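In: Here you go, sequence then predicted model.
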There are 4 protein chains.
Amino acid sequence: MSLREKKTAKRKEEILKSALSLLAEKGYHGTTMEDIASHLLMTKGSIYYYFKDKQDLVYQSQVKILQKSIENINEVKQQNLTIPEKLETTVALHIEYAVRDRAGFELMANPSEIFSEDQLKEIFYLRDKYASGYDELLQEGVDTGYFSVDDIKVVRNILLGAMNWVTQWYSADGEMNEATFAASVASYLMRIVLK
Amino acid sequence: MSLREKKTAKRKEEILKSALSLLAEKGYHGTTMEDIASHLLMTKGSIYYYFKDKQDLVYQSQVKILQKSIENINEVKQQNLTIPEKLETTVALHIEYAVRDRAGFELMANPSEIFSEDQLKEIFYLRDKYASGYDELLQEGVDTGYFSVDDIKVVRNILLGAMNWVTQWYSADGEMNEATFAASVASYLMRIVLK
Amino acid sequence: MSLREKKTAKRKEEILKSALSLLAEKGYHGTTMEDIASHLLMTKGSIYYYFKDKQDLVYQSQVKILQKSIENINEVKQQNLTIPEKLETTVALHIEYAVRDRAGFELMANPSEIFSEDQLKEIFYLRDKYASGYDELLQEGVDTGYFSVDDIKVVRNILLGAMNWVTQWYSADGEMNEATFAASVASYLMRIVLK
Amino acid sequence: MSLREKKTAKRKEEILKSALSLLAEKGYHGTTMEDIASHLLMTKGSIYYYFKDKQDLVYQSQVKILQKSIENINEVKQQNLTIPEKLETTVALHIEYAVRDRAGFELMANPSEIFSEDQLKEIFYLRDKYASGYDELLQEGVDTGYFSVDDIKVVRNILLGAMNWVTQWYSADGEMNEATFAASVASYLMRIVLK
DNA sequence: CATGAATGAGCCTTCATTCAT
DNA sequence: AATGAATGAAGGCTCATTCAT
């Protein structure tokens, strides 16, 4: 990659990151291109140099966050830890990321209203892949006798719900730092699954 | 209340209910007055007979749902149940309501962007009141030895997060009926607090 | 049709007529919705009450003019005239309409860039139907010995070209009134086909 | 002219030619600088090295085509031909050029909206000059008894209309080659003026 | 000379809101 | 009470244009 290409890629990253935090805060329709641009001291028009349109920008921001999350869970899985430790680490990592970058996961309640069919397919594919990571950990935990869970999908969704929701209340209780906070929440959530 | 006033009140209720479900689905900016009106086979203009403006309509819908929730929790509290039973019932009720009416609680991530200061004050007051209901149950549970919870506010927020999030995944797993589903989720959540 | 519906229909007609003349003058991209609106002392937004979007407005204006033209030629055909008289009358009528309403026929050089597939299909269908009217007259003229034409389609296109082009130069030579002008041009064009 | 200047001039020619065909196809507002550039595998910015702005580029393309046309008609006039032959040759040449280079003559219906006053003056001057070429031929034809034309200007405009319009229908009837096609159309048009 | 990047004006479109009927 | 019609502000997007490298 040439220097120029690197710079462009970096700029795209910046825009995505900025967009991610605004989108998590105000939602798709509540976030204007002007918002995203001015937040980075750019002009609206410039953003269109990097992204085809708003849909494209938001889509890429979703893909980015999902890919990062999938990477995270996979890395944790390969560490030399017990199943419960793996799950707790993963959950804590998710929360830490969410509150540090103020970026919401699955922020589009109704993505089908926003994305194209192809985009939706990819988004759902990645969401599933990420969710599967949890499902596998839960299943392994059950098989090895650590966890007591009947309906893995329900539990997984409960976990994800609690985790995704933190962006909406963490800032208010700013006493704990991010890591401590994440660890604390993760520890409570473990109680759901542990025998 | 005269007959006419009753009719008007009823119409308002209808509008609020319809709005609630649309708002939960598409968010504040994603829901247009046209949406709300046509959903009820009315015209946009008519809505302005019942509500000052969109802000007012959405505000009242929020107040309504919060008041209903507060009523719910208070009623449960007065029943002759153990603390854990009270909490579980309340949680289940919340979830059941959320999925049945497809109405999201705290649907405005950033209400400060939408509501006026006075409205915000009331909204936050009601949110706090509802949250306090949980806090009290949790505290009582700790005091009576049922629960093991260090940070009550964190746990309460975890619960609310998981509960509010159900609207985003319930429909997909349409095997269970609403009551069974709510009971199931509530039961898992109880594990967080029980000793 | 109720009074209100009549009014609405009339308003639509007005908009179409105004749009037609502006479009003929400045082309699709050169004509803004603002132009069309302000020309009628309306606001941009109002136009969207009557037409879905610019494409729709322009499409309907095209359909209107083509339908009117087809009607014209059919009416003339049913009159008790010789073939040459019919052709000349039709040509004159076309020209008169074009200069009076300053409305260009087939004004979109590349309609495929502007219209949707369905719209294109209808437009081409109507264009063909109108063109066929000329072709039939020409063929009848040949068969009855009035005309001497080898390639009917080429001649038809030559006629249409000359006729459509008049909007671009008539205003300049404002000495003749519209009817005289149209008759004069038509008379010259007849020389192409007459034996 | 130095080598560099020659190269620059050649590049300008290329740009003009490319622009001409795009402009004929999509009109002034429908043709973007990006279109023109990418058609030549250049970047938008580069074009500004050769032309001050879009207006300038389009202006020069118009001047070019008009000058070429004027040259054409003057060359034909100097040939040893009868008046009718001269007219027919000129008309055929115009048509051939139009369909071969897909370049529309007088493509701006309303040049006054696009060009500056000075530019307009020159454009109109050249248009007139070209038109005068036809007028002279027509007048000579009348004087020498070949033609029967009352209103020379009307006839000239009819001819130009039919000639300019060919770009809009030639491609469709792609059976004839350009020269044959031009000859055929020219031959029909001669009927308008011949006694 | 060429280009990548940025800008700002302008256009299409949506939508909350108003008002006469 | 209800509605058809109109409005204007704002948002998404395009595009001519500029400029540093």
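Out: All right, it came through fine. Numbering: from 1, shown residues only, chains lettered A, B, ... in the order given.
In: In space, what's closest to A:Lys12 - neighbours in sequence excluded?
Out: Spatial nearest neighbour of A:Lys12, chain neighbours left out: A:Tyr50 (5.2 Å); criterion: C-beta to C-beta, 6 or more residues apart in numbering or on different chains. Glycine gets a C-beta too; all of them are placed from N, C-alpha and C.
In: Actually, A:Gly30.
Out: Once flanking residues are discounted, A:Gly30 sits nearest to B:His29: 4.6 Å by C-beta to C-beta, 6+ apart.
In: Name the helix or strand for the one you found, please.
Out: B:His29 belongs to helix B:3-30 when assigned by DSSP states H and E.
In: State the mean pLDDT of that helix.
Out: Averaged across helix B:3-30, the pLDDT comes to 91.
In: What is it packed up against?
Out: helix A:3-30, helix B:33-39, helix B:44-50, helix B:54-78 (3 or more C-beta pairs under 8 Å, 6 or more residues apart in numbering or on different chains; DSSP states H and E).
In: how about a markdown table for those helices, with distance to B:Ser187 and mean neighbour count added?
Out: A markdown table is the format used below for the helices and strands packed on helix B:3-30 (distance: least, C-beta to C-beta, whole Å; neighbours: other C-beta atoms under 10 Å in any protein chain shown):
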| stretch | distance to B:Ser187 | mean neighbour count |
| --- | --- | --- |
| helix A:3-30 | 30 | 17 |
| helix B:33-39 | 35 | 16 |
| helix B:44-50 | 41 | 14 |
| helix B:54-78 | 16 | 18 |
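In: Contact residues of chain A facing chain B?
Out: Residues of chain A lying near chain B by C-beta under 8 Å from any C-beta of the partner chain: A:24-30, A:106, A:109-110, A:113, A:151, A:153-155, A:157-169, A:173, A:184-185, A:188-189, A:191-193.
In: Of those, grab the buried ones for ChimeraX.
Out: Here is the ChimeraX command that picks out the buried ones among these, judged by 16 or more other C-beta atoms under 10 Å in any protein chain shown:
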select /A:24,25,26,27,28,30,106,109,151,154,155,157,158,159,160,161,162,163,164,165,166,167,168,169,184,185,188,189,191,192,193
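In: Tell me which of the residues of chain A next to chain B fall in helices.
Out: Among those, the ones falling in helices (DSSP state H) are A:24-30, A:153-155, A:157-165, A:184-185, A:188-189, A:191-193.
In: What's the end-to-end length of stretch A:139-156?
Out: Counting by C-alpha to C-alpha, to the nearest Å, you get 11 Å between the two ends of stretch A:139-156.
In: And the pLDDT at whichever residue of chain A sits closest to DNA strand E?
Out: Here chain A gets closest to DNA strand E at one residue, A:Gly45, 2.2 Å apart by C-beta to the nearest atom of the strand. For A:Gly45, the pLDDT comes out at 95.
In: mind showing which ranges of chain A have poor pLDDT?
Out: Counting by pLDDT under 70, chain A contains low-confidence ranges at A:105-109, A:172-174.
In: burial measure for the closest residue to chain C within it, as a count.
Out: Residue nearest to chain C within chain A (C-beta to the nearest C-beta): A:Asp53, separated by 17.3 Å. When neighbours are defined as other C-beta atoms under 10 Å in any protein chain shown, A:Asp53 has 11 of them.
In: how close does it sit to A:Gln60?
Out: Per C-beta to C-beta, to the nearest Å, A:Asp53 is found 11 Å from A:Gln60.
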